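here you go, sequence then predicted model.
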Amino acid sequence: MYSVVIPVYNAGGCLGRCVESWLGQTEGDLELILVDDGSEDESPALCDAFAERDRRVRVIHQANAGVSAARNAGIKAARGMYLLFTDSDDYVASDLLEKLGQCMQETGADLVLCGFHHLYDGADIPKLPGKSRVFTLKEGGEDFLCLYEQGFLNMPWNKLYRRERAGRFDTSLSLGEDLLFNLDYLERCEKAAVLSEPLCFYIQEEQKTTLSSEKRKDRLELARRICRETEAFYDRHWSEGREAGHRRIFTRYMNEVMDECGKLPADRGLTTGEKLRAVRAMAEDPWVRERGDEAVYRHADYRILWCFLRRRMVVCVYVLCVLRRAVVQMVHQVRRMR
């Protein structure tokens, strides 16, 4: 049996689509665990209504504790041999369980991951992990790095796990907890399989949350910790190519730095002066200054950003971020018109 854990928080407007996509699977041997994380809208009643309608649905109501705590509650309650996760505003293809389960059974893999559709601002952007393949953890250093660079290890919702090998999500983290969960799981794996087909639909709305300068600093510190733990994971499993592996892993950290710079123009909770001070703090980050040249910047805008950032050209960094955001918005608008 497959256990599907869905954290629910104020998801009344989208929960139905998510749940129906699971109840309509071509592989019907599943239990759907809805973890209501202290919702204040109609979500609790909707969860209970689904449970009354279909005996495969189980509901857990708990005080609000965050998505990681909700997922952990679902893991604890799960009874299936296999484990999956979905966010309440996302949905899946009707044959996801059938295809992931068949792949795991045929290959003997301990983990199966697939591609997904990234639905952003009206655009459907397929995210594919490369060709379908199977690799052992012992010999899969390059496969690991490729999946890490592409961001496919940063989420739990496009994967099929064996429940008895699953750990728990770190509830103390607000960034990187999904990646650390996956790294912890991989420690107990011998073989992983990749399906190139996109079987999940990930919906992303434009970030509206305002971060204080202190929280922005905390996010960078968390990103630094995640980078170090990923490098340590790589060292434990693949001794060859350590320097090159670290460089590729560190590049992801620098992308986080660049992303934080890129989000500043849209942050309406900060004045222009506060935004410039935030850029300066990133430019003076000792780790960035010490290792920034190690990173491989594949995008031209990131290479230019780094040139300005390393020279502490704060205004130039901010202006470039404003221009970059305008271009991104224009691209999304063109996609919506097609």
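Yes, it's here.

using CSV, list the CA coordinates for stretch 42-61.
Written as CSV, here are the backbone C-alpha positions of stretch 42-61 (Å, rounded to 0.1, in the frame of the first residue of the first chain):
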residue,chain,number,x,y,z
GLU,A,42,-12.9,25.7,5.7
SER,A,43,-10.0,23.2,5.3
PRO,A,44,-10.8,21.1,8.5
ALA,A,45,-14.4,20.5,7.4
LEU,A,46,-13.3,19.7,3.8
CYS,A,47,-10.8,17.1,5.2
ASP,A,48,-13.5,15.5,7.3
ALA,A,49,-15.9,15.4,4.3
PHE,A,50,-13.3,13.6,2.2
ALA,A,51,-12.8,11.1,4.9
GLU,A,52,-16.5,10.4,5.2
ARG,A,53,-16.8,10.0,1.4
ASP,A,54,-13.8,7.7,0.9
ARG,A,55,-12.5,5.3,3.5
ARG,A,56,-9.0,5.6,2.0
VAL,A,57,-8.8,9.1,3.4
ARG,A,58,-7.6,9.6,7.0
VAL,A,59,-7.5,13.0,8.8
ILE,A,60,-5.2,14.3,11.5
HIS,A,61,-6.2,17.6,13.2
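
how much space is there between E42 and V35?
Separation of E42 from V35 (CB to CB, to the nearest Å): 16 Å. The way it works is simple: take the backbone N, C-alpha and C, and place the C-beta from them, glycine included.

just the strands in this structure please.
Assigned by DSSP state E, the chain shows strands spanning 2-8, 30-37, 57-62, 82-85, 91-92, 111-120, 123-127, 133-136, 159-162, 191-204.

tell me what the third one is packed against?
The reference is to strand 57-62. strand 30-37, helix 43-53, helix 67-77 (3 or more CB pairs under 8 Å, 6 or more residues apart in numbering; DSSP states H and E).

which of those sits most buried?
Highest mean neighbour count of the helices and strands packed on strand 57-62: strand 30-37, a mean of 24 (counted as mean count of other CB atoms under 10 Å).

paired strands for that strand, with orientation please.
Sheet pairing here is set by DSSP bridges, and for strand 30-37 it gives strand 2-8 (parallel), strand 57-62 (parallel).

and the last one with helix 67-77, angle?
What it means is strand 57-62. Angle of strand 57-62 versus helix 67-77, following axes from the mean of the first three to the mean of the last three CA atoms, to 10 degrees, is 130 degrees.

for the record, mean pLDDT for strand 57-62?
Strand 57-62 shows an average pLDDT of 98 in the prediction.

report the buried residues of it.
57-61 (16 or more other CB atoms under 10 Å).

one step back: looking at the helices and strands packed on strand 57-62, which is nearest to C114?
Across the helices and strands packed on strand 57-62, C114 has its closest neighbour in strand 30-37 (16.7 Å, CB to CB).

only alpha carbons, please: show the closest one as CSV.
Taking Å, rounded to 0.1, in the frame of the first residue of the first chain, the C-alpha atoms of strand 30-37 are listed here in CSV:
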residue,chain,number,x,y,z
LEU,A,30,-3.4,3.9,-1.2
GLU,A,31,-4.2,5.8,2.0
LEU,A,32,-4.4,9.5,1.9
ILE,A,33,-3.3,11.2,5.1
LEU,A,34,-4.6,14.8,5.4
VAL,A,35,-2.8,16.6,8.2
ASP,A,36,-4.8,19.7,9.1
ASP,A,37,-2.2,22.0,10.6
